[in-house]
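In: below is the sequence, then the predicted model.
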Amino acid sequence: MATLPTSPTAAVAPRREASTAQRHAVVFATALAAIGIVVVHFATALSMVSIWARSDTFAHGFVIIPGCLWLAWRKRDLLAATPAVPWWPGLLLVAAAGFFWLLTVAADVVGLRQFALVFMIQAAIVAVVGLKVARAAAFPLLFLLFAVPAGEFLLPVLIDWTADFTVFALRATGIPVFREANHFVIPSGQWSVVEACSGLRYLIASMVIGTIFAAISYHTRWRRIVFILASILVPLVANWLRAYLIVLLGHLSNNRLAVGVDHIIYGWVFFGLVMLLLFWVGSMWSEPDLPLPEATRAAAARASRVPAWRFYGTAVLAIALAGLWRPIAAAVEHPPSPVVPVLAPMPAQGGWSPVAKLPSDWEPAYAGSTSRLREAFASGDDSVGVHVAFYRNQVKGRELVTSTNQLVLPIQVQWRELQARDAPIVFNGQPVTALRAVISNPGQERIVAYRVFWVDGHVTGSEYVAKARLAWSRLRGGAGDAALIVFFAKEQAGRDAALLAIAALSPEVARTLDAAGANR
């Protein structure tokens, strides 16, 4: 019997069908891993979405996932020609990101918890598709980080920078300025640099749009890096100029322009013009799309086919490793204690006696405490106030260390923080670095305040150390009780009454907190 010749088309068809089936398996397994991890950590994902919905600063979060998919779609030819092989070490990265999520739960840091969720999703995708495909899709994968509503910790720094430049520019143009912290007075009126003037919204919007522009306009790495850096630096400088020009316009118009709603409108119009200029300049160095190298196509044709079950199996293992930490977190999170801690009044100590009148009516802007104690002590001509706020059953909105808890909030009008620096103190016989702040009000009353934190018997002046100790306490089975301690007194030339009182009264403060913590 004669053998019929094999048709080339018939030989290629099975390979093409196998390649298509594998691509489908890769896509569905990737989607399974990402969606599965979101479902497992639904509460964390929901906390991100709720911030997108209520905050104008982070409303861009709704377009991040579609943006990632679109960026990946633009690379579909390269991704289709890159052989996908599950990378098992990626599962270790999923487990590491899950452990990081557990630490953030113990420390009650919602922002880092959201980053941990994104890390888990990214690691799971890398584990499913392999390093080669992940490298080809690096930009869409990294773009997913913009889904985390982060950046508010930059507000104090951005406000200071904006105030510094505005005051410098006003003085450079011959306008006299009297400045106190982020509030300043010029001959035509008073101005303040508040959160809306910080430029954070401009910065985040520019970074997101700039990253997309860099992804679609450039291929060389250095051009992308340069443009992304420009999308960070340009809005910062533009916001400084915007703030200066608004104050200058208000001054020259005798406060008829650039106040109220005009202030906001002029700001966004100026920002839009600056961004258009940035993109116009950036487009001059744009690079045309490159054809897919023949070597890549040939390598894809020679690549061995991977069974679909390996992709789906990797996805399932990634979901399991991401969810492994949920029951551990449930064990770490103690049920709420019904006992309200009692902070007993402190007796005389070290020459300091209780008195009725506090040296000032100022108090720290710390909300959500379970119990509070405010007492006044005097020694000779010196008077000092002691403010203790105890935190138990800490949850979002009722926690000690958070960006909304500060000695003085930037939006406050009655009190202003003139300066803040680290200062060594002796608390309960131990050296500690505290935050020392000088605070004033419009009546020119100036007070000096020292702030430290107490976490399960340990005292620190660092917010980061306090969070870390809180996490360690919970991981060891502790309750995670914590407290704010502030000593404050009127500022005196050559004498620091608050510092003197700390050395004498801190042992009694420590005993009071230890007793409250033991009462559960």
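Out: All right, it came through fine.
In: mind checking how far residue 155 is from residue 161?
Out: The gap separating residue 155 from residue 161 is 11 Å, by CB to CB, to the nearest Å. C-beta: built from backbone N, CA, C; applies to glycine.
In: for residue 337, same thing?
Out: Distance, residue 337 to residue 161, by CB to CB: 43 Å.
In: of those two, which one has the most company?
Out: When residue 337 is set against residue 161 and neighbours are counted by other CB atoms under 10 Å, the residue ahead is residue 161, at 19 against 14.
In: quickly note the distance from the more buried one to residue 318.
Out: When residue 161 is compared with residue 318 (using CB to CB), they lie 41 Å apart.
In: any regions of the stretch 351-500 of the chain where pLDDT drops low?
Out: Applying pLDDT under 70 to the stretch 351-500 of the chain flags residues 411.
In: which parts of it are strands?
Out: Using DSSP state E, counting those that start in this stretch, the strands found in the stretch 351-500 of the chain span residues 353-355, 371-379, 382-391, 416-427, 430-440, 446-455, 458-460, 482-490.
In: got those strands as CSV, with mean neighbour count and distance to residue 200 columns?
Out: Output for those, formatted as CSV (neighbours: other CB atoms under 10 Å; distance: least, CB to CB, whole Å):
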stretch, mean neighbour count, distance to residue 200
strand 353-355, 13, 44
strand 371-379, 18, 31
strand 382-391, 23, 27
strand 416-427, 15, 19
strand 430-440, 18, 23
strand 446-455, 23, 25
strand 458-460, 19, 28
strand 482-490, 25, 26
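In: out of the ones you listed, nearest to residue 407?
Out: Each of the strands of the stretch 351-500 of the chain has some distance to residue 407 by CB to CB; the shortest is strand 430-440, at 5.2 Å.
In: now the angle from the closest one to strand 482-490?
Out: With axes from the mean of the first three to the mean of the last three CA atoms, to 10 degrees applied, the angle from strand 430-440 to strand 482-490 works out at 60 degrees.
In: other SSEs contacting strand 430-440?
Out: Strand 430-440 makes packing contacts with strand 416-427, strand 446-455, strand 458-460 when contacts are defined by 3 or more CB pairs under 8 Å, 6 or more residues apart in numbering; DSSP states H and E.
In: circling back to that earlier point, out of the strands of the stretch 351-500 of the chain, flag the one nearest residue 165.
Out: Ranking those by proximity to residue 165 (CB to CB) places strand 416-427 first, at 18.7 Å.
In: output the contacting helices and strands for the closest one.
Out: Using 3+ CB pairs under 8 Å, 6+ apart, the elements in contact with strand 416-427 are strand 430-440, strand 446-455, helix 497-518.
In: follow the chain on from the lowest-mean-pLDDT helix or strand in the chain and name the next helix or strand.
Out: Within the chain, no helix or strand scores below helix 294-302, which has a mean of 55 by mean pLDDT, DSSP states H and E. With elements assigned by DSSP states H and E, the helix or strand that comes after helix 294-302 is helix 308-323.
In: show me what that following helix is packed against.
Out: Other helices and strands packing on helix 308-323, by 3+ CB pairs under 8 Å, 6+ apart, are helix 8-40, helix 89-107, helix 110-129.
In: and stretch 126-142, which residues are buried?
Out: Neighbour-count burial for stretch 126-142, counted by 16 or more other CB atoms under 10 Å, picks out 126-130, 132-134, 136-137, 139-141.
In: sorry, wrong one. I was asking about stretch 239-257.
Out: So, applying 16+ other CB under 10 Å, buried residues of stretch 239-257: 239, 240, 242, 243, 244, 245, 246, 247, 248, 249, 250, 251.
In: stretch 328-338 too?
Out: In stretch 328-338, counting by 16+ other CB under 10 Å, buried: 329, 332.
In: got it, and stretch 75-82?
Out: 75, 78, 79, 80, 81, 82.
In: show me which pair in those is furthest apart.
Out: Longest span within those, CB to CB: 75 and 81, 10.1 Å.
In: for the stretch 101-250 of the chain, what spans make up the helices?
Out: Taking DSSP state H, counting those that start in this stretch as the test, the helices found in the stretch 101-250 of the chain are 110-129, 131-136, 138-143, 155-172, 200-217, 221-252.
In: let me see the contact set for the residue nearest to the spatial centre of the chain.
Out: Ranked by distance to the mean C-alpha position of the chain (CA atoms, centre = their mean), the top residue is residue 150 at 3.7 Å. Shown in contact with residue 150 (CB atoms under 8 Å, 6 or more residues apart in numbering): 111, 114, 115.
In: and the gap between it and residue 188?
Out: 38 Å.
In: try residue 311
Out: Here the criterion is CB to CB. By it, residue 311 lies 67 Å from residue 188.
In: for residue 321, same thing?
Out: Residue 321 sits 62 Å away from residue 188, going by CB to CB.
In: again with residue 319
Out: Distance from residue 319 to residue 188, by CB to CB: 62 Å.
In: who has more neighbours out of those two?
Out: Higher neighbour count among residue 319 and residue 188: residue 319, with 22 against 14, using other CB under 10 Å.
In: is it true that the more buried one touches residue 40?
Out: Yes. Counting by CB atoms under 8 Å, residue 319 touches residue 40, with 6.3 Å between them.
In: is it possible to get CSV of the strands of the stretch 351-500 of the chain that adds distance to residue 70?
Out: Below are the strands of the stretch 351-500 of the chain laid out as CSV (distance: least, CB to CB, whole Å):
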stretch, distance to residue 70
strand 353-355, 66
strand 371-379, 51
strand 382-391, 44
strand 416-427, 44
strand 430-440, 45
strand 446-455, 45
strand 458-460, 46
strand 482-490, 44
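In: of these, which is nearest residue 226?
Out: Residue 226 lies closest, by CB to CB, to one member of the strands of the stretch 351-500 of the chain: strand 416-427, at 35.4 Å.
In: partners of that closest one in the sheet?
Out: Next to strand 416-427 in the sheet, as set by DSSP bridges, lie strand 430-440 (antiparallel).
In: not counting its own residues, what contacts the partner strand?
Out: 180, 362, 407-408, 415-427, 446-452, 459-462, 488, 491, 502.
In: what do you get for stretch 219-239?
Out: Contacts for stretch 219-239 (CB under 8 Å, 6+ apart): 158, 161-162, 197-199, 202-203, 205-207, 209-211, 213-215, 217-218, 270-271, 274-275, 278, 282, 285, 287, 290.
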